[in-house]
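Visitor: The sequence isn't on hand, but the structure is:
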């Protein structure tokens with residue numbers, strides 16, 4: 001169970017798909033990692049992609065892809081997505097590189113217990 005009380009299925013980092021534990025069951029993310037994975041999932045979500053709530057997600061097709069948006073807009077979209085995760089209280093984005101087709105950086109966030117965490121993208 002995560003620090004916010006939610007269970008999160010563990011996704012493999014290489015394929016971003018479900019993985020199994022040593023007993024052959026679907027693996028669960030540990031509390032120290034689950035919230036970071038949920039933040040990463042929120043940032044990977046395209047606006048309209050979540051069939052039961054199409055208001056969630058980042059408008060990649062209309063505001064990011066092919067637009068070369070300002071860094072400030074990209075940061076704001078990522079922070080907004082991170083803050084939709086239950087238990088995330090604050091979020092900051094550090095963009096390390098923004099080339100023509102690739103953005104790398106880190107999302108640093110604080111959870112409802114006051115613990116700081118981060119995940120790279």
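Guide: Everything's here; your move. The model shown is predicted, which means the values in this text are computed figures rather than measured ones.

Visitor: Give me the three-state assignment for the residue of the chain most remote from its centre.
Guide: Within the chain, the residue lying farthest from the chain centre (Cα atoms, centre = their mean) is residue 23, at 27.7 Å. In three-state terms, and counting by DSSP: H, G, I helix; E, B strand; the rest coil, residue 23 is coil.

Visitor: what's the distance between it and residue 29?
Guide: Distance, residue 23 to residue 29, by Cβ to Cβ, to the nearest Å: 16 Å. Heads up, the C-betas are built off the backbone N, CA and C, glycines and all.

Visitor: again with residue 60
Guide: Distance from residue 60 to residue 29, by Cβ to Cβ: 25 Å.

Visitor: for residue 48, same thing?
Guide: From residue 48 to residue 29 the distance is 26 Å (Cβ to Cβ).

Visitor: and what of residue 8?
Guide: 4 Å.

Visitor: ditto for residue 83
Guide: 20 Å.

Visitor: Tell me which residues of the helix or strand residue 74 falls within come out buried.
Guide: According to DSSP states H and E, residue 74 maps onto helix 71-82. For helix 71-82, the neighbour count (16 or more other Cβ atoms under 10 Å) marks 74-75, 77-79, 81-82 as buried.

Visitor: what's next to it, contact-wise?
Guide: 39, 42-43, 45, 56-59, 63-64, 88, 91-93, 95, 98, 103, 107, 109 (Cβ atoms under 8 Å, 6 or more residues apart in numbering).

Visitor: what distance separates that helix from the middle of the whole chain?
Guide: Here the centre of helix 71-82 is set off from its chain's centre by 11 Å, with Cα atoms, centre = their mean, to the nearest Å.

Visitor: That helix - what's its average pLDDT?
Guide: Helix 71-82 carries an average pLDDT of 96.

Visitor: Can you give the strand pairings for the next helix or strand after that helix, parallel or anti for each?
Guide: Proceeding N to C from helix 71-82, the next assigned helix or strand is strand 88-98, under DSSP H and E. Paired neighbours of strand 88-98 in the sheet (DSSP bridges): strand 103-111 (antiparallel).
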